[in-house]
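Chemist: got a predicted model here, sequence first, then my questions.
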Amino acid sequence: MNNMIARIALLFSLVVMVSCENDINAIMDMDKQATAVEEGKDIESMYSQTGRVKAKLTAPTMVRHLKPPVYVEFNTGLKVLFFNDSLGVESTLTARYGKYFENESNIFLKDHVVVINKKGERLDCEELNWDSKVQKFLSSKPVRISTVTDTLYGTGLESNQDFSDYTILHPSGPFVIKDSTMSTQ
């Protein structure tokens, strides 16, 4: 009986040893996947161009994906202050989600995107892109711009970086046209 137990134990040991195979390539791939992401909390980043601070980004969290295409995600929101040459705030941008493509230096923003310029004009939209090559904000989605006197609606937008000069590509919504040549009788 002891001989039989010993044989079963030996057989079980051989089965376990044969089934436990460590493929070094599989282990290295798992290690690469684990290190293909960098995470950060309480992010503060300054953006400068030609030696001048242009913007300051703050975010509660950041996840940087290192596999090509390399990009940074701001899953819990972000805020950007855009500065003039005297470091005065020209505009403020907030969004609940942002994605920065490092190789292209472009940013995709979505989920309650708000831009407010120094005149108090406010852009509300669900998606907005920043093209670094032309330093413009672009959107193909519905937008709303609130000014001191009006609220403008439309689809699509082009704007400069500080939101001081913008164009709604396809205006829509309620329009009130006042014509001074018409007389009321």
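Modeler: Perfect, I can see it now.

Chemist: going forward, measure contacts between C-alpha atoms and count neighbours the same way
Modeler: Will do.

Chemist: residue contacts, the nearest residue to F83 once chain neighbours are set aside?
Modeler: Take F83 and drop its neighbours on the chain: the residue closest to it by Cα to Cα, 6 or more residues apart in numbering is V89, 4.6 Å away. By Cα atoms under 8 Å, 6 or more residues apart in numbering, the contact list for V89 reads 81-83, 118.

Chemist: so how far is V70 from V89?
Modeler: For V89, the distance to V70 (Cα to Cα, to the nearest Å) stands at 30 Å.

Chemist: likewise F137?
Modeler: Counting by Cα to Cα, the gap from F137 to V70 is 21 Å.

Chemist: settle it for me: which of these two has more neighbours?
Modeler: For F137 versus V70, neighbours defined as other Cα atoms under 10 Å are more numerous around F137 (20 against 15).

Chemist: hey, C-alpha coordinates of the helix or strand harbouring that one in CSV?
Modeler: Here F137, judged by DSSP states H and E, is contained in strand 136-146. Output in CSV follows, covering the C-alpha atoms of strand 136-146 (Å, rounded to 0.1, in the frame of the first residue of the first chain):
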residue,chain,number,x,y,z
LYS,A,136,-7.0,76.6,-33.0
PHE,A,137,-9.9,74.9,-31.4
LEU,A,138,-12.2,73.0,-33.8
SER,A,139,-15.5,71.1,-33.3
SER,A,140,-17.9,69.5,-35.7
LYS,A,141,-20.5,69.0,-32.9
PRO,A,142,-23.3,71.2,-31.7
VAL,A,143,-22.1,74.3,-29.8
ARG,A,144,-23.6,77.0,-27.6
ILE,A,145,-21.9,80.4,-27.0
SER,A,146,-23.3,82.7,-24.3
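
Chemist: given it, what are its sheet partners and their directions?
Modeler: Strand 136-146 sits in its sheet next to strand 122-131 (antiparallel), strand 151-160 (antiparallel), going by DSSP bridges.
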